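> show me the folded form of this:
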Amino acid sequence: MANLFNNIAELKEDAPSVDLNTNTANIFPYVDDAAEAYVIPFISRAYYDELIVEAASLPVITGNNVKTFYLIRKALANFGLYDAFPFMSLKVGNAGASEQSNEETNPTRQWVYRDARRAYMQKADIALDAALKIMETTPANFATWTGSDEYADWSAYFFTSTAQFNKILSINNSRRTFQKLVPSIAMAEDRQIKPAIGVTLMAKLKANGGADAFKTETLRLLRRALAYYAMYYGSDDLILNIENDGITLVSHSDGIQSKTSADPNRLANWRLKIKGLADGYLAELKKYLDDNIENISEYKSDDASENLTPGYDIPDNTGSTASVML
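The predicted model follows:
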């Protein structure tokens, strides 16, 4: 599989610790795997393939790809080393697995190994997030990305950008966290928002947004409920780091340092708080729509105030405490 590096020297530009004598056959397979796991799901396969074409013409990078190419390549280099670390010193043959060593090198100490691997993931996350910020704020400049199935999967909902979501519920402006929450946003729209406001008003809001003052306020209240429901649903499936300044997606799992699961009671209380806020915002939305039903014809036409109620909530599974780090 082709990637964004033509040789080890280019890989070393983004990951200086790589030895120039490293054989590409020993490390590029991990770079390829990292692209599949960490990069393509966010930028789309079509746009990744476009960047591969750009890589073949280095040092010439064209058009709007100049900044994103180098940011995505830096992310890929660090993701690749993160994946390669556990295997680079191993050799598998007829006699089984063995660890390679020589007189001039010493095995990496575990704490150095652990901290280095975590640092690779953090540097990769920062670079990929920076690239996604450019793409998200100037989508017209990235037609290959916006025309992809991956983009369509998350751009069809009431939140179409990290900034919109982050204004309501802080995720530290992490675009990767936002995109990973998209399935939960879709679920919350289907199970909570659509039954509460009706399919006609929902379609109208998606097509025209805040066409008047009533719809603008409806959208504002709707997004508040939607953000908290999405986080409630998503927090049971994603590995999240929950801190005072926001919530972000956790990528690393180094295999050495033991991670203690979140306290079950604390996790359960946090999720109950998120669910309570979501329910409160949905009730506020419903009251606003009912109070202004004569001014919002789409809501009145579905008679959502009388006939529709939010979907059934799956009971909270407090046994899944390992999925959240507090």
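> switch to C-alpha atoms for all contacts and neighbour counts from now on
Noted.
> wait, Ala77 touches Ala15, no?
Yes. Using CA atoms under 8 Å, Ala77 is in contact with Ala15, at 6.2 Å.
> between those two, tell me which one has more neighbours.
Ala77 (31 against 20; other CA atoms under 10 Å).
> can you map out the strands along the protein?
Under the criterion DSSP state E, strands of the chain are mapped to 90-93, 96-99, 240-243, 246-249, 324-325.
> which of these has the lowest mean pLDDT?
Sorting those by mean pLDDT places strand 324-325 lowest, at a mean of 40.
> can you give me the helices for the stretch 101-250 of the chain?
110-137, 143-146, 149-155, 162-168, 175-188, 194-197, 199-208, 213-234 (DSSP state H, counting those that start in this stretch).
> centre of the chain to stretch 157-168, how far?
Centre-to-centre, stretch 157-168 and its host chain are 13 Å apart (CA atoms, centre = their mean, to the nearest Å).
> show me what that stretch is in contact with.
The contact list for stretch 157-168 (CA atoms under 8 Å, 6 or more residues apart in numbering) reads 136, 154-155, 172-175, 178, 185-186, 189, 206, 223-224, 227.
> repeat that for stretch 6-15.
Here stretch 6-15 makes contact (CA under 8 Å, 6+ apart) with 5, 18-24, 55-56, 73-74, 77-78.
> what residues of that stretch count as buried?
By 16 or more other CA atoms under 10 Å, the buried positions in stretch 6-15 come out as 6, 8-9, 11-12, 14-15.
> repeat that for stretch 144-161.
Within stretch 144-161, the residues scored as buried using 16+ other CA under 10 Å are 144-146, 150-151, 154, 158-161.
> ok, now stretch 193-212?
193-202, 205, 210.
> in a markdown table: those residues, plus distance to Asp236 and pLDDT.
Below are the buried residues of stretch 193-212 laid out as a markdown table (distance: CA to CA, whole Å; pLDDT from 0 to 100):
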| residue | distance to Asp236 | pLDDT |
| --- | --- | --- |
| Ile193 | 20 | 93 |
| Lys194 | 22 | 92 |
| Pro195 | 23 | 91 |
| Ala196 | 23 | 91 |
| Ile197 | 26 | 91 |
| Gly198 | 27 | 91 |
| Val199 | 27 | 90 |
| Thr200 | 31 | 91 |
| Leu201 | 30 | 91 |
| Met202 | 26 | 91 |
| Leu205 | 29 | 90 |
| Gly210 | 32 | 66 |
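> what's the closest of those to Arg271?
Nearest to Arg271 among those: Ile193, at 19.3 Å, using CA to CA.
> what's the separation between the residue nearest the centre of the chain and Ala196?
The chain has Arg176 as the residue nearest its centroid, 2.6 Å off, counting by CA atoms, centre = their mean. Going from Arg176 to Ala196 by CA to CA, to the nearest Å gives 29 Å.
> same check on Tyr30?
47 Å.
> what's the answer for Asp33, then?
43 Å.
> what of Lys287?
Distance from Lys287 to Ala196, counting by CA to CA: 11 Å.
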